[in-house]
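Chemist: Give the three-dimensional model of this entry:
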Amino acid sequence: MLKRNLLSRRAVCQACAVSLTLLAPLAQANLSVGQMAPDFRLPAATAGQVSDFVLSDALRKGPVVVYFFPAAFSYGCNREAHAFAEHMDEFKALGATVIGVSNDTIDVISKFSVQECAGKFSVAADPEKKVITAYDSKSFMGGADRSSYVVGTDGKIAYAYSAMMSFASHIDNTLKALKDMKAAGAAR
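Modeler: The predicted structure follows:
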């Protein structure tokens with residue numbers, strides 16, 4: 001009896017290990033630092049006003065934080081948007097633009113930009129998931145995962161991070177990456 005229990009526990013542990021191995025790539029940053037960031041044009045909203053957001057245009061002004069989020073008006077995404085909005089003065093002081101991207105429609109994103117982003121930064125609609133796919137930020141459930149990238153003015157990924165359950169770390173980590181970039185630029 002004891003031997004059978006040990007064997008079944010071992011089988012359960014092996015099944016868990018296999019599951020974790022399959023899910024492990026989902027917890028890693030999806031594009032690598034140093035890789036060229038895919039350029040994109042998406043409909044975006046800032047304070048409810050819709051226009052196109054073009055990454056290469058934004059990069060002419062400074063680095064860009066591109067963050068992917070699963071769904072507008074969901075608990076974690078609302079909190080993440082609020083946190084980015086609260087820190088926008090810090091992002092701007094570092095010369096950075098912030099753009100959030102999800103697979104929601106532009107109508108949903110437009111409302112989200114007013115209600116949850118407080119009109120402080122742009123959020124883009126990618127319902128066809130073209131940009132989400134280009135950034136390898138598609139979740140196992142089909143939408144966007146929670147990934148953040150800092151794209152340098154050279155168009156390369158300067159920082160990459162994925163953590164589905166911890167929205168706050170995305171704000172802290174991207175701010176730190178921008179500060180490190182600024183310090184490195186000042187040191188030259």
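
Chemist: Can you list the buried residues in stretch 83-91?
Modeler: By 16 or more other C-beta atoms under 10 Å, the buried positions in stretch 83-91 come out as 84-85, 87-88, 91. Glycine gets a C-beta too; all of them are placed from N, C-alpha and C.

Chemist: Dump those into JSON lines; add distance to Val108, pLDDT and secondary structure as well.
Modeler: Below are those laid out as JSON lines (distance: C-beta to C-beta, whole Å; pLDDT from 0 to 100; DSSP: H, G, I helix; E, B strand; the rest coil):
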{"residue": "Phe84", "distance to Val108": "17", "pLDDT": "96", "secondary structure": "helix"}
{"residue": "Ala85", "distance to Val108": "17", "pLDDT": "97", "secondary structure": "helix"}
{"residue": "His87", "distance to Val108": "23", "pLDDT": "97", "secondary structure": "coil"}
{"residue": "Met88", "distance to Val108": "21", "pLDDT": "97", "secondary structure": "helix"}
{"residue": "Phe91", "distance to Val108": "24", "pLDDT": "97", "secondary structure": "helix"}
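
Chemist: could you measure Gly119 against Cys77, distance?
Modeler: For Gly119, the distance to Cys77 equals 17 Å [C-beta to C-beta, to the nearest Å].

Chemist: right, I mislabeled it, should have said Glu86
Modeler: Taking C-beta to C-beta, one finds Glu86 at 15 Å from Cys77.

Chemist: elements contacting the helix or strand hosting Gly76?
Modeler: Gly76 is part of helix 75-86, with elements assigned from DSSP states H and E. With contacts taken as 3 or more C-beta pairs under 8 Å, 6 or more residues apart in numbering; DSSP states H and E, helix 75-86 sits against strand 97-102, helix 167-187.

Chemist: Pull up the gap between Leu59 and Ala37, please.
Modeler: Distance from Leu59 to Ala37, counting by C-beta to C-beta: 9 Å.
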